[in-house]
Structures are given as C-alpha cells and as structure tokens.
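# Curious how this folds, go ahead:
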Amino acid sequence: MDEIEILAETENFSVWRAKEPDGEITYHLEFGSVTIHFFKEEWEEFLKLMGQVASSK
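Down below sits the predicted model:
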C-alpha cells in the first residue's frame, strides 16, 4: 500500500482508506482483530446499507 488515510477511529474501531500500488482505492473497517476489506464500489454499497440502518431507528 502506498498511501493510508485514517477516516475515523474510536477506542475499538477504525476505518481507513488506502491507495494501492496499482492506483485502486480500498477501504478497511477494523473491529479488534477482524478487518473487512472493501473495494470502492463495495464501500459505497456498504455506506448505503448503514444509512438504511441508521434511518430505521
């Protein structure tokens, strides 16, 4: 990975974005010892899903 940018972080969670050597942007969601990796399109879909969850309260 060439460039890493932390987007958000709490005591237990973090979200970061990386520019890969091939120029692709990937997103990473860390929950303790588990990391979920997303390509840009998957990340955008995940954000829509979380928006639906947030609005369902």
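# Okay, and the beta partners of the spatially closest residue to Phe39 that is not a sequence neighbour?
Leaving aside its sequence neighbours, Phe39 sits nearest to Thr26 (CB to CB, 6 or more residues apart in numbering; 6.1 Å). Where C-beta positions appear, they are placed from N, C-alpha and C, glycine not excepted. With DSSP bridges as the criterion, Thr26 is bridged to Ala18, Phe39.
# ok, so what distance separates Thr26 from Thr10?
Remark: distance between Thr26 and Thr10 (CB to CB, to the nearest Å) = 21 Å.
# who's more crowded, these two?
Ranked by neighbour count (other CB atoms under 10 Å), Thr26 and Thr10 place Thr26 first, with 16 against 7.
# my guess is that one meets Ile36, correct?
No - when contacts are counted by CB atoms under 8 Å, Thr26 is not listed as touching Ile36 (10.8 Å).
# got any ranges where this structure has weak pLDDT?
The chain contains residues with pLDDT under 70 at 1-2.
# The same query, at a cut-off of 80, please.
1-2, 57 (pLDDT under 80).
# about what we covered before: please list all residues in contact with the residue nearest to Phe39.
For Thr26, the contacting residues are Arg17, Ala18, Glu20, His37, Phe38, Phe39, Lys40, by CB atoms under 8 Å, 6 or more residues apart in numbering.
# Identify the farthest-apart pair in these.
Greatest spatial distance among those (CB to CB): Glu20 and Phe38, at 12.4 Å.
# Write down the beta-bridge partners of Phe31, one by one.
Under the criterion used (DSSP bridges), Phe31 bridges to Phe13, Val34.
# That one against Phe13, yeah?
Yes - counting by CB under 8 Å, Phe31 does reach Phe13; the two are 6.0 Å apart.
# count of residues packed around Glu3?
By other CB under 10 Å, 9 other residues sit near Glu3.
# residue contacts, it?
Ala18, Lys19.
# and if you look at Phe46?
Here Phe46 is in contact with Phe38 (CB under 8 Å, 6+ apart).
# same thing with Ile6?
Residues in contact with Ile6 (CB under 8 Å, 6+ apart) are Ser14, Val15, Trp16.
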